[in-house]
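**Student:** give me a model of this one.
(one chain, ligands or ions: 1)
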Amino acid sequence: MLIDAHIHLDQYLENEVPTLLEEAEHVIAVSMNIESCEKTLKLSKTFAKVKAAFGFHPEQALPSAMEEEALFDWIRQHAHDTVAIGEVGLPYYLKQEKAVDDRPYMELLERFILLAKELNKPIILHAVYEDAAIACDLLEKHHVKKAHFHWFKGDEEVIERMIQNGYFISVTPDCTYETEIQQVIKKYPIELMMVETDGPWPFEDPFDNKRTSPWMMNHSMEVIASIKGITTQEAARIITRNTTIFYNL
Ligand SMILES: [Zn+2]
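**Tutor:** The predicted structure is shown next:
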């Protein structure tokens, strides 16, 4: 069984969670906002396999100043219940839909980077394409090394920079059909790789009409192994070890 390094477990129906967890050794359950943090915390208290991460998803309207303070206070109060700060980052897809002022999102991300540093926790980033370079600037500025770029996509230059800095990425089940993700797998060292579902986000063929669940990572592992020219067992062993060490499980 594999570790799902990024899932929105609080977005599943309550009765779906126990069967879903049977398919994974552990799951890193990320949060969207304060309500989501509370739900995720509860799940981590109920199920030993669930490791909670607390943050604010960037692909949504910014929190009010009051909401932002409440969230930071809440995370500090529950620091001993979390393995990481996340999901945080920059609103790449929101910017494709409408004009968005980047600066307040960058400021919020910088605050989360400082919080991760203060609490000595890894940070889980949603920062793709051009946004990955901005996230790198901020991480480097504050000498934060333990960063996990989930569902990463980006150009050669930023990939090189992230490898140099020892940042981790995680691979989603779309690596079975997206050549773009297969290219990232080819370029990125397996020693800095994890796997994830980002569930309940749905995937395409061969996962059409299937509820996103950790078993899908077995297919990702086969793709990674074949690209890297090693056995699936060896790939799984390396990736499980990476995730265990990164999240201190
Ligand atoms: Zn996510």
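
**Student:** from here on, just use CA atoms for contacts and neighbour counts.
**Tutor:** Will do.

**Student:** tell me the buried residues in the longest helix along the chain?
**Tutor:** Longest helix of the chain, by residue count under DSSP state H: helix 102-119. Neighbour-count burial for helix 102-119, with 16 or more other CA atoms under 10 Å as criterion, is recorded at Tyr105, Met106, Leu108, Leu109, Glu110, Phe112, Ile113, Leu114, Leu115, Ala116, Lys117, Leu119.

**Student:** same thing with stretch 92-101?
**Tutor:** Tyr92.

**Student:** distance of the residue nearest the centre of the chain from Ile169?
**Tutor:** Geometric centre of the chain, nearest residue: His150, 3.8 Å, by CA atoms, centre = their mean. According to CA to CA, to the nearest Å, His150 and Ile169 sit 6 Å apart.

**Student:** again with Glu178
**Tutor:** From Glu178 to Ile169 the distance is 16 Å (CA to CA).

**Student:** chain center to the helix-or-strand element of the chain with minimal mean pLDDT, what's the gap?
**Tutor:** Lowest by mean pLDDT, DSSP states H and E among the helices and strands of the chain is helix 92-97, with a mean of 95. Its chain's average C-alpha position is 19 Å from that of helix 92-97, according to CA atoms, centre = their mean, to the nearest Å.

**Student:** what residues does it touch?
**Tutor:** Glu59, Gln60, Val100, Ala127, Val128, Asp131 (CA atoms under 8 Å, 6 or more residues apart in numbering).

**Student:** quick one, which of these are buried?
**Tutor:** Among the contacts of helix 92-97, those scoring as buried are Glu59, Ala127, Val128, Asp131 (criterion: 16+ other CA under 10 Å).

**Student:** what is the nearest of those residues to Met66?
**Tutor:** Nearest to Met66, judged by CA to CA, of those is Glu59 at 19.2 Å.

**Student:** close enough to count as contact, the closest one and Pro91?
**Tutor:** Yes: Glu59 lies in contact with Pro91 (CA atoms under 8 Å); the separation is 4.6 Å.

**Student:** nearest to Gln183, of the buried ones among the contacts of helix 92-97?
**Tutor:** Val128 (14.7 Å).

**Student:** in three-state terms, label the closest one for me.
**Tutor:** Under DSSP: H, G, I helix; E, B strand; the rest coil, the three-state class of Val128 is coil.

**Student:** so where's this structure uncertain?
**Tutor:** The model of the chain has no residue with pLDDT under 70.

**Student:** please enumerate the helices of it.
**Tutor:** Applying DSSP H to the chain gives helices spanning 17-21, 34-46, 65-77, 92-97, 102-119, 130-141, 156-165, 179-187, 216-228, 232-246.

**Student:** of all those, which one comes closest to Ala53?
**Tutor:** That would be helix 34-46 among the helices of the chain, by CA to CA, at 7.7 Å.

**Student:** ok now the closest one, how far from the chain's centre?
**Tutor:** That offset, for helix 34-46, works out to 17 Å (CA atoms, centre = their mean).

**Student:** render the CA-only coordinates of stretch 124-142 in PDB, please.
**Tutor:** Extracted in PDB, the C-alpha atoms of stretch 124-142 (Å, rounded to 0.1, in the frame of the first residue of the first chain):
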ATOM      1  CA  ILE A 124       2.600  22.000   0.600                       C
ATOM      2  CA  LEU A 125       2.400  24.200  -2.500                       C
ATOM      3  CA  HIS A 126      -0.100  24.700  -5.200                       C
ATOM      4  CA  ALA A 127       2.200  26.700  -7.600                       C
ATOM      5  CA  VAL A 128       2.400  25.700 -11.300                       C
ATOM      6  CA  TYR A 129       4.000  27.100 -14.400                       C
ATOM      7  CA  GLU A 130       5.100  30.700 -13.900                       C
ATOM      8  CA  ASP A 131       3.900  30.600 -10.300                       C
ATOM      9  CA  ALA A 132       6.400  28.000  -9.400                       C
ATOM     10  CA  ALA A 133       9.300  30.500  -9.900                       C
ATOM     11  CA  ILE A 134       7.500  33.000  -7.700                       C
ATOM     12  CA  ALA A 135       7.100  30.300  -5.000                       C
ATOM     13  CA  CYS A 136      10.800  29.500  -5.400                       C
ATOM     14  CA  ASP A 137      11.800  33.200  -4.900                       C
ATOM     15  CA  LEU A 138       9.800  33.300  -1.600                       C
ATOM     16  CA  LEU A 139      11.100  30.000  -0.300                       C
ATOM     17  CA  GLU A 140      14.700  31.000  -1.100                       C
ATOM     18  CA  LYS A 141      14.200  34.400   0.400                       C
ATOM     19  CA  HIS A 142      13.300  32.800   3.800                       C
END
